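Student: give me coordinates for this.
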Amino acid sequence: MIRMHSQNPSSIQTTRPRQRSGIRAYEIDGEAVLYDLARDTVHYLNRTAWLIWRLCDGGAREEDISQKVAVTFDLLPQQAGVPDSILHDTRMTLHSLAVDGLIDWAGGSESGAYTGEITKWPD
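Tutor: Residues are numbered from 1 along each chain as shown. Okay, the predicted model is just below:
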């Protein structure tokens, strides 16, 4: 997701992101197409956005998601902690997912994870 929005992503709520219900997910070669049933819209997610969306389980914080992104894509430097650039990019992606209605925000540790099926696109 590359689209930029006028709201400041650093102002995103500090609660935990979770996938919105009513979304059908289709995985294609490590990327995804999401169909929002309520809004009748289709969204294409690259590998990174697809990973971030799948990690939005209502329990993970932005920092937790950033850490998993960094580990998955082997982006962690030798020093401890997630680089600010990865945290920033994760926040930007979460912001885009929220603006597009694909995630919302859970309070505390409540879980609202995607409960639908992820369909592998036929080859």
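Student: now residue 20. Nearest residue, chain neighbours left out?
Tutor: residue 104 (5.4 Å; Cβ to Cβ, 6 or more residues apart in numbering). (Each C-beta comes from the backbone N, C-alpha and C, glycine too.)
Student: go on, residue 94?
Tutor: Once flanking residues are discounted, residue 94 sits nearest to residue 17: 5.4 Å by Cβ to Cβ, 6+ apart.
Student: so that neighbour makes contact with residue 60?
Tutor: Yes. Between residue 17 and residue 60 there is a contact at 7.5 Å, judged by Cβ atoms under 8 Å.
Student: more neighbours: which of those two?
Tutor: More crowded of residue 17 and residue 60, by other Cβ atoms under 10 Å: residue 17, with 30 against 21.
Student: hang on, that one in a strand?
Tutor: Yes. Counting by DSSP: H, G, I helix; E, B strand; the rest coil, residue 17 is part of a strand.
Student: not counting residues beside it along the chain, what's closest to residue 35?
Tutor: Nearest non-adjacent residue to residue 35 (Cβ to Cβ, 6+ apart): residue 24, at 4.4 Å.
Student: that neighbour contacts residue 37, correct?
Tutor: Yes. If you go by Cβ under 8 Å, residue 24 and residue 37 touch, sitting 6.6 Å apart.
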